[in-house]
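Participant: Give me the fold of what follows.
(chains A, B, C and D)
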Number of protein chains: 2
Amino acid sequence: MQLDKVVAYHKALADPTRIKMLILLAEGELNGQALAEKLHVTPATITHHATKLREASLINERRDKNTIYFSLDNYFIKNNALAAVRLIYRTVEGGQLVMDDNQKNMAASIIRNFIGKDGRLKSIPAQLKKKLIVLEHLVSQLEPGRKYEEKEINEFIKSFHEDFATIRREFIMHQFMSREDQVYELNPPEMWARWEQLA
Amino acid sequence: MQLDKVVAYHKALADPTRIKMLILLAEGELNGQALAEKLHVTPATITHHATKLREASLINERRDKNTIYFSLDNYFIKNNALAAVRLIYRTVEGGQLVMDDNQKNMAASIIRNFIGKDGRLKSIPAQLKKKLIVLEHLVSQLEPGRKYEEKEINEFIKSFHEDFATIRREFIMHQFMSREDQVYELNPPEMWARWEQLA
DNA sequence: TGATTAATTTAACAATCATCTAATTAGACA
DNA sequence: TGTCTAATTAGATGATTGTTAAATTAATCA
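Facilitator: Model prediction:
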């Protein structure tokens, strides 16, 4: 995850014509001339941009007779999306956050304070740092990648605390989860709000 | 169209010096000269890059005496990281309506007319079509799925125009947002009032 | 083979960009 | 007031970039 690769990825996406190419290709593969026509540029321009996208591994090509069809490389597009965030915050190693022992102890003690022996949340911490620690603790018990209905999320939260509306809103607000069309999903840990350097 | 926003975000991250600035700031706030020293560039260069990062909302500033301390805007950094991916793949599933170039140009020119170089709204268009274009432009800068308190919405609007009450009412009237129990939320774009076929 | 079609390369252009030096602004403080 | 100090601006320079028209390559097919 070196700096140059991250820069290259963002350079590739830092042009409106190239993004439009990718949007078009998301609906299916297209050849150079078709792209040129739809975007009102010349084929030479498409070649130029295709080269940059290919260098960043964002597209693949397939040859049929003498026309070349471009298609998305979904793997690279999606996997580099968070590369910059990872690099900047450099907190992640194999999906898990790197904390020093001090921080681990501090988090454990706060969780002990706010989570009862029955596993339920005694109260919602008012202090931001403590709140983030507790929210992270809760959200870690959700399944990554699974889609949850709002009702399921409510039930999940209610097994910890009555005020599911507030906590659900906090999940979204601090990027622990995202919602799209009534469907909730856990965000990758890179996106979670961090508490480590808060006072 | 949020394409511009996505491009701006990736442009901001498409330079090694800027990424290094963000990496340094992830460990804590720093002033311009400290950054200049650590990166072996002149303070003028830092100012230059800070301007770009600020325009993309990736950093915040705090003044103490005559020193300005930069810090990360974690919210914007993390929330834009997936913006490109969402934009590229959304068109497929959403079956979103696509504007033709005429309409794009018309919208761009109206936005140019009513939004100053500082990003603020010069006046509220009287003509419905123009008003919808401008409202859509404003509302596109809100985060889908996030719940906003009325105070937050007011602040958001005030960063564009003094008359937040009128504009907030327009947001509701044209279904850009909905309000429930004092909590505001962006509606899905399918609900937004459309201007495309107005005279 | 020659004709056709798609893609690439080349050369050129204007625009943008990163960086520097030097000059200027804006606050702080004595 | 005048002197620091930090930041910004202005102007210049060299590099990179997006785009095009024109020439060229590569593959197909009659």
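Participant: contacts, neighbours, all on C-alpha from now
Facilitator: Noted.
Participant: Roughly how far does A:Gly28 sit from A:Glu149?
Facilitator: Computed with CA to CA, to the nearest Å, the distance linking A:Gly28 and A:Glu149 is 30 Å.
Participant: before we move on, what about A:Glu29?
Facilitator: 33 Å.
Participant: Okay, now the unreliable bits of chain A?
Facilitator: Scanning chain A for pLDDT under 70 picks out A:1, A:91-101, A:197-199.
Participant: again, only this time at 80
Facilitator: By pLDDT under 80, the low-scoring segments of chain A are A:1-2, A:74-75, A:78-79, A:90-104, A:143-146, A:180-181, A:188-190, A:194-199.
Participant: Next, see if stretch A:161-171 gets close to chain B.
Facilitator: Yes. Residues of stretch A:161-171 contacting chain B under CA under 8 Å from any CA of the partner chain: A:Arg169.
Participant: For that stretch, buried residues please.
Facilitator: By 16 or more other CA atoms under 10 Å in any protein chain shown, the buried positions in stretch A:161-171 come out as A:161, A:164, A:167-171.
Participant: Excluding residues flanking it in the chain, which one is nearest A:Glu61?
Facilitator: A:Phe70 (4.6 Å; CA to CA, 6 or more residues apart in numbering or on different chains).
Participant: May I have the strands that pair with the helix or strand containing the one you found, each with its orientation?
Facilitator: If you go by DSSP states H and E, A:Phe70 is part of strand A:67-72. Here strand A:67-72 is paired, per DSSP bridges, with strand A:30-31 (antiparallel), strand A:59-64 (antiparallel).
Participant: quick one on the thing from earlier: A:Glu29 and A:Glu149: which is more packed in?
Facilitator: Ranked by neighbour count (other CA atoms under 10 Å in any protein chain shown), A:Glu29 and A:Glu149 place A:Glu29 first, with 19 against 14.
Participant: wait, that one sits on A:Tyr69?
Facilitator: Yes. Between A:Glu29 and A:Tyr69 a contact is recorded at 5.9 Å, counting by CA atoms under 8 Å.
Participant: near DNA strand C at all, stretch A:3-12?
Facilitator: No. Residues of stretch A:3-12 are not located near DNA strand C by CA under 7 Å from any atom of the strand, the shortest gap being 9.7 Å.
Participant: next one: that stretch to chain centre, how far?
Facilitator: Relative to its parent chain, stretch A:3-12 has a centroid offset of 17 Å by CA atoms, centre = their mean, to the nearest Å.
Participant: again with stretch A:155-167
Facilitator: The answer for stretch A:155-167 is 24 Å, by CA atoms, centre = their mean.
Participant: so how far does it reach from one end to the other?
Facilitator: 12 Å.
Participant: Just list whatever residues bridge to A:Glu185.
Facilitator: For A:Glu185, the beta-bridge partners are A:Lys147, A:Ser178 (DSSP bridges).
Participant: how many neighbours does it have?
Facilitator: 22.
Participant: and A:Gly28, what does it touch?
Facilitator: The contact partners of A:Gly28, taken as CA atoms under 8 Å, 6 or more residues apart in numbering or on different chains, are A:Ser71.
Participant: Ok, A:Tyr9 next?
Facilitator: By CA under 8 Å, 6+ apart, A:Tyr9 lies in contact with A:56, A:80, B:14.
Participant: Let me see the domain layout of chain A.
Facilitator: Segmentation of chain A into domains, based on automatic domain parsing, reads A:3-79, A:99-191.
Participant: Looking at the ones you listed, which is nearest to B:Phe114?
Facilitator: Closest to B:Phe114 of the domains of chain A is domain A:3-79 (CA to CA; 22.5 Å).
Participant: Strands along chain A, start to end?
Facilitator: Using DSSP state E, the strands of chain A run over A:30-31, A:59-64, A:67-72, A:92-93, A:96-97, A:147-149, A:177-180, A:183-186.
Participant: and stretch A:58-76 with DNA strand C, contact?
Facilitator: Yes. Judged by CA under 7 Å from any atom of the strand, stretch A:58-76 and DNA strand C are in contact via A:66-69.
Participant: got the end-to-end distance for that stretch?
Facilitator: Start to finish, the residues bounding stretch A:58-76 are 6 Å apart (CA to CA).
Participant: Which positions in that stretch come out as buried?
Facilitator: Quick answer for stretch A:58-76 (16+ other CA under 10 Å): A:58-61, A:68-73.
Participant: now those residues as a markdown table including distance to A:Ile124?
Facilitator: Formatted as a markdown table, the buried residues of stretch A:58-76 follow (distance: CA to CA, whole Å):
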| residue | distance to A:Ile124 |
| --- | --- |
| A:Leu58 | 44 |
| A:Ile59 | 46 |
| A:Asn60 | 49 |
| A:Glu61 | 53 |
| A:Ile68 | 58 |
| A:Tyr69 | 54 |
| A:Phe70 | 51 |
| A:Ser71 | 48 |
| A:Leu72 | 44 |
| A:Asp73 | 43 |
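Participant: returning to what we had before: what's in contact with the strand holding A:Phe70?
Facilitator: Strand A:67-72 has contacts (CA under 8 Å, 6+ apart) with A:22, A:25-26, A:28-32, A:58-63.
Participant: next one: that strand to chain centre, how far?
Facilitator: Centre-to-centre, strand A:67-72 and its host chain are 27 Å apart (CA atoms, centre = their mean).
Participant: so can I have CSV of the strands paired with strand A:67-72 showing distance to B:Ala126?
Facilitator: CSV is the format used below for these (distance: least, CA to CA, whole Å):
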stretch, distance to B:Ala126
strand A:30-31, 43
strand A:59-64, 45
